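[1] please find the sequence and the predicted model below.
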Amino acid sequence: MAPSLASTPTASVETKVDRRVAQSPGDAEDTEAMAAMAHRRRRLPGIPQFLSAAAQRQWQLEHMAGAFRVFAREGYAEGISGHISVRDPEHEDRFWINPLGVHFGLMKASDMICVNLAGEVVGGNMEGSINAAGFQIHSSVHKARRDVHAICHTHSVHGRAYSAFAKPLEMINQDVCYFYKAHAVREKIAESLGDGKACILMNHGLLTVGQTVDEAAFLFCLMERSCKVQMLADSTGHKKHFVSDAEAAYNFRMASTPSALYTEFQPHYQLEEALANPPFKQ
């Protein structure tokens, strides 16, 4: 049955996608970015749309669990720290979050817990508990940003190391331009995030957001690697060449749209689907 807001989901259901509107319409820049990704081929499908909230909810939870499997493979698990949340597609004041004490590599769709912005458990895995600090972080961002549907935060190694410098990432390569003028460094997360995509939490780690969990998860992986690349470049002592503002702005416009970032994550998700043991679509 599909995940209910009143019961624990017990099995995966076939995702009902309306193929007539499978491509998320987005804005002109999103459309342009998606068209540019595949040379002389049909445009990539992008974010699917659904015939029901129940189908979308199940799809979101499966992709949420898949994102945790990716994070486990990347080595982001650290004790009981780290969380991903996804806003419920039917109830704007509710979001799904992972249970406390379950390893990222074992996470399943049915493990997720639905809470409202007041902190009350209202659906999903009614037997689980959630990280109190995690609830404060995710609820504050969901309240402040109605456009944000997914949030990722873990205690990844390079993110934690770079956060000690309390400075934004430098535009030293094409990939980090996905964060051009779209990330902040602060302690007050929701305020600092503004309308951006990411935040470096001082002496803490990284946080990313997106319109899908796929977007937020891809950005988190990219930001973690960008922190590593920056520290590697800094460690050489050589003079760095920076991407120009014009080039960085172009890369950001063409590659950092919701549909493009969703698409970027799909190879990672597909690998987890193929290797999943135990399965996560349960």
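    Sure thing, it's come through. Only a predicted model underlies this, so the values are computations on that prediction, with no experimental measurement involved.
[2] ranges for the helices of the chain?
    28-37, 53-74, 132-144, 157-163, 189-193, 213-235, 245-255, 258-275 (DSSP state H).
[3] packing partners for the third one?
    Under the contact criterion of 3 or more CB pairs under 8 Å, 6 or more residues apart in numbering; DSSP states H and E, helix 132-144 touches strand 83-87, strand 94-97, strand 150-154, helix 189-193, strand 205-210. For glycine as for every other residue, the C-beta is placed from the backbone atoms N, C-alpha and C.
[4] what residues of that helix count as buried?
    134-135, 137-142 (16 or more other CB atoms under 10 Å).
[5] ok, and what's touching that helix?
    With contact meaning CB atoms under 8 Å, 6 or more residues apart in numbering, helix 132-144 is reached by 83, 85, 87, 95, 97, 115, 117, 119, 148, 151, 153, 189-191, 193, 207, 209.
[6] same check, this time on the fifth one
    Outside helix 189-193, the residues that touch it by CB under 8 Å, 6+ apart are 137, 140-141, 143-145, 184-186, 199, 201, 207, 209.
[7] just give me the closest of those to Tyr76.
    Leu207 (12.6 Å; CB to CB).
[8] the spatially most central residue of the chain - nearest residue in space that isn't next to it in sequence?
    Taking CA atoms, centre = their mean, the centroid of the chain lies closest to Ala216, which sits 2.0 Å from it. Excluding its sequence neighbours, the residue lying closest to Ala216 (CB to CB, 6 or more residues apart in numbering) is Gly210, at 3.6 Å.
[9] how many neighbours does that neighbour have?
    The number of residues packed around Gly210, counting by other CB atoms under 10 Å, is 25.
[10] likewise for the one 3 residues further on?
    When neighbours are defined as other CB under 10 Å, Val213 has 30 of them.
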